[in-house]
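**Q** Any chance you can model this:
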Amino acid sequence: MFLTLLGVTFLIAALVSFLVARAFDRPIRAILGRVIPDEIGGAWHRYILFALYVVGLSGGVRIHSLEQYIIPRPDQPELVLNTNRWILEVYRTIIETLQSIAWMLLVFFLFALIAYVITRGFEVWSQRRPTAGPPAAP
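**A** Residues are numbered from 1 along each chain as shown. Coordinates of the predicted model:
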């Protein structure tokens with residue numbers, strides 16, 4: 001029964017991560033395309049999506065929490081995987097996956113915002129800079 005719970009939580013966390021990755025694929029690509037040059041921007045896009053899956057799976061499949069079903073604590077009664085417990089574990093998996101991914105995306109978007117402001121500042125500064133021309137006649 002424990003292996004089934006582990007497999008189900010893994011599949012749910014993978015599915016939730018996939019749906020979030022699909023939802024944020026274009027915004028991430030657009031932000032990276034604006035801040036980072038083309039060739040390296042594609043590699044960063046792939047890395048961010050990979051990190052999204054890793055963070056989602058590690059946040060959704062909580063191994064330490066699931067250990068309570070196979071290693072009972074001496075001071076607590078043994079937990080039984082009944083219908084209510086399954087519903088709770090599925091709900092917890094969805095919420096923890098979304099929470100982990102949300103934190104990762106928040107950090108990414110904060111750094112992307114800082115990079116965008118710096119990039120935009122350099123663009124405005126270079127446009128306002130006077131061009132070098134012939135010296136003015138006296």
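
**Q** This protein: helices as residue ranges?
**A** Counting by DSSP state H, the chain has helices at residues 2-35, 38-60, 63-66, 83-128.

**Q** By mean pLDDT, flag the weakest helix or strand of this structure.
**A** helix 63-66 (a mean of 78; mean pLDDT, DSSP states H and E).

**Q** Counting neighbours, show which residues of that helix come out buried.
**A** Buried residues in helix 63-66, defined by neighbour count with 16 or more other C-beta atoms under 10 Å: Leu66. Bear in mind the C-beta positions are built from the backbone N, C-alpha and C, glycine included.

**Q** List the contacts of Ile12.
**A** Contact partners of Ile12, counting by C-beta atoms under 8 Å, 6 or more residues apart in numbering, are 60, 90, 93-94, 97.

**Q** now those residues as a markdown table including distance to Ala43?
**A** Putting the contacts of Ile12 into a markdown table (distance: C-beta to C-beta, whole Å) gives the following:
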| residue | distance to Ala43 |
| --- | --- |
| Gly60 | 26 |
| Val90 | 35 |
| Thr93 | 30 |
| Ile94 | 30 |
| Thr97 | 25 |
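
**Q** Out of the residues you listed, which end up buried?
**A** When burial is judged by neighbour count using 16+ other C-beta under 10 Å, the buried members of the contacts of Ile12 are 60, 93-94, 97.

**Q** Just flag the most distant two among those.
**A** Pairwise distances across the buried ones among the contacts of Ile12 (C-beta to C-beta) peak at 7.4 Å, for the pair Gly60 and Ile94.

**Q** Give me the common contacts of the two.
**A** The contact lists of Gly60 and Ile94 share 12, 16, where a contact means C-beta under 8 Å, 6+ apart.
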